[in-house]
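S.K.: quick one: sequence and predicted model below, then my questions.
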Amino acid sequence: MPEPALEEQSKAGESRPEADRELVQRAQEGEKQAFEELVRRHQGRVFAVAGGILRTREDVEDIAQQVFLKAYLSIKRFDQRAAFTTWLYKITVNECWDLLRKRKVRPLMYEADLNEEQAHAYQAKEDGGESALDVRERLEAREMVEQWLDCLDEKDRTMLVMKEVQGFTVEEIAGIMELNGNTVKVRLFRARQRVAERMRRKQRAAGK
Amino acid sequence: MSELRRMGRPECDELLDELEGLRGEAAQQEEVLAELTAATSRHVATCEDCRRAIEDFVATRAAVEPMKAPLAVAGPWFVTRVMAAVRNAEKEMEERKEGVWVSVRGLAPRLAAFAVLLLVLGGTWAMELRRREASIAQPRQAEGLFETGTGAPMNDDIVATATEGNRP
C-alpha cells in the first residue's frame, strides 16, 4: 500500500486540475510562489514515478529536483492543452530514462546492498520508525521485483509500474508516454505475460 | 497486437479492457473474476487464453506489491531545495547574459582602434582614388624622358634641322 502521505499528496494533485491551471498561469507570469505551490502539490507523485523507474533513493531525489527545475525553466512554453500533471510526469519519465541511458547499464548495487551503518542512516531518515531489519527486508523484496522486471524493456517496465504500483490509468499512461491507449493495453498484457512466465520458470527452477 | 487481439475474438478484447480498467486492489483470482461483467465471466469460463491472462494479471499485481513502499519520499526540505535551484539557475542565466555584454564592453577599445584604422585606410584609399580620377580626366601630357608628345617636335629634331640647314 502507498504511504498515507504519498496518497494524500497524489490525491491533492489529482483532484484540483483547475487550481493547477491557475497556478500554472501565475507561474508563467513569473510568480515564484505559485510555482512553489505546484512543487509542494506534486512532489509526492513525481517522487513515486521516479522511484518506480530508478533504483536508488539519491537518484530519485536528484531527478525530482531536476524535473521541477526543468518544469520551471520551460513553463512559459507549456500551453496547458494537456493537464499540468501529464506534462510534469512526462518530464519525469524522460529525465529518468535519460539518466538510465547515460549510465547504459542498470546499476548493479541496490539499496539492499547497504552496509550496516548505511542501513542505520537510511532507517533514521524513515518516518515510519521501521527497524533496520524491516528496511532491509523491504529493500530485498524490491530487489527481487527488480529481477523479475528485468526481462522488460524500460518502456514496458515503466508502464507496468505506473499502472500497478502508482495507480495510473491506461489513459494517463498513454498521455504521458505519447502512445495510443490500445497500444498501452497490449504492451501491458505482454509485459504481464513475460513477467509471469519468468516467475513461473524461477519457481520451477527453485522446485527442482 | 496481443495474442488476445490476434485471435480476433471480441470477448477476449473485452477481457483485456476490463482487466486494465480495474481500479480496485483486487489481488486474488476470485476477486478479479468478481469485478468482471457477467458476459466476460461467462467467456472466461470457456476460454483458456483468458484464464491464463487473468492468472498473469494476478501474478504480476502480487509481484510488484513490494514496490508500493516508496523508494524515496519528498522530505520537508525538498521544496526549499527546488526553489534554491531555481534561483541559482536564474542567477546563472542572468550572469551569462551579463557576461556576453561585459565581454562586448571589454572589446570596445580594440573595436575603436580597429575602427580608426579602417577609417584611415579607407580615407587614404578614397583620396588616392579621387586623385587618379582627376589625373585621368586631364589631357594626356608627356610624362617621362622617353615618352614623346604628339604635337610639338622634339628639341633634338629642331636642332638637327637647324644643323642640316647650315651645312656647307
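M.R.: Perfect, I can see it now.

S.K.: could you pull up the contacting residues of the residue nearest to A:Ala82 when sequence neighbours are not counted?
M.R.: Nearest non-adjacent residue to A:Ala82, counting by CB to CB, 6 or more residues apart in numbering or on different chains: A:Gly175, 6.4 Å away. All C-beta spots, glycine's among them, are computed from the backbone N, C-alpha and C. A:Gly175 makes contact with A:Ala82, A:Ala83, A:Thr86, A:Lys90 under the criterion CB atoms under 8 Å, 6 or more residues apart in numbering or on different chains.

S.K.: now do A:Ala50
M.R.: Listed by CB under 8 Å, 6+ apart, the contact set of A:Ala50 reads A:Asp59, A:Val60, A:Ile63, A:Ala64, A:Val67, A:Thr92, A:Glu95, A:Cys96, B:Ala72.

S.K.: and chain B, which of its residues are near chain A?
M.R.: Proximity of chain B to chain A, by CB under 8 Å from any CB of the partner chain, involves residues B:1-5, B:16-17, B:20-21, B:23, B:53, B:55-57, B:59-61, B:63-64, B:66-75, B:78-79, B:81-83, B:85-86, B:89.

S.K.: among the residues you listed, the buried ones, what's the PyMOL command?
M.R.: Restricted to buried positions by 16 or more other CB atoms under 10 Å in any protein chain shown, the PyMOL selection for the residues of chain B next to chain A reads:
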select buried, chain B and resi 2+4+5+16+20+53+56+57+59+60+61+63+64+66+67+68+69+70+71+72+73+74+78+79+81+82+83+86
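
S.K.: looking at the residues of chain B next to chain A, which are in helices?
M.R.: Judged by DSSP state H, helices contain the following of the residues of chain B next to chain A: B:3-5, B:16-17, B:20-21, B:53, B:55-57, B:59-61, B:63, B:78-79, B:81-83, B:85-86, B:89.

S.K.: A:Gly51 reaches B:Leu71, doesn't it?
M.R.: Yes - using CB atoms under 8 Å, A:Gly51 is in contact with B:Leu71, at 3.7 Å.

S.K.: name the residues contacting each of these two.
M.R.: Common contact partners of A:Gly51 and B:Leu71 (CB under 8 Å, 6+ apart): A:Val60.

S.K.: quick check, pLDDT for A:Lys11.
M.R.: Per-residue pLDDT puts A:Lys11 at 44.

S.K.: ditto for B:Arg132
M.R.: What the model reports for B:Arg132 is a pLDDT of 89.

S.K.: same deal with the one 10 residues further on?
M.R.: Model confidence at B:Ala142, given as pLDDT, is 54.

S.K.: what of B:Asn155?
M.R.: pLDDT for B:Asn155: 57.

S.K.: over to B:Ala34?
M.R.: So, for B:Ala34, pLDDT stands at 87.

S.K.: thought B:Ala26 was touching it, still the case?
M.R.: Yes - at 7.5 Å, B:Ala34 counts as touching B:Ala26 under the criterion of CB under 8 Å.

S.K.: when the two are compared, which one has more neighbours?
M.R.: Taking neighbours as other CB atoms under 10 Å in any protein chain shown, B:Ala34 and B:Ala26 compare with B:Ala26 leading, 18 against 11.
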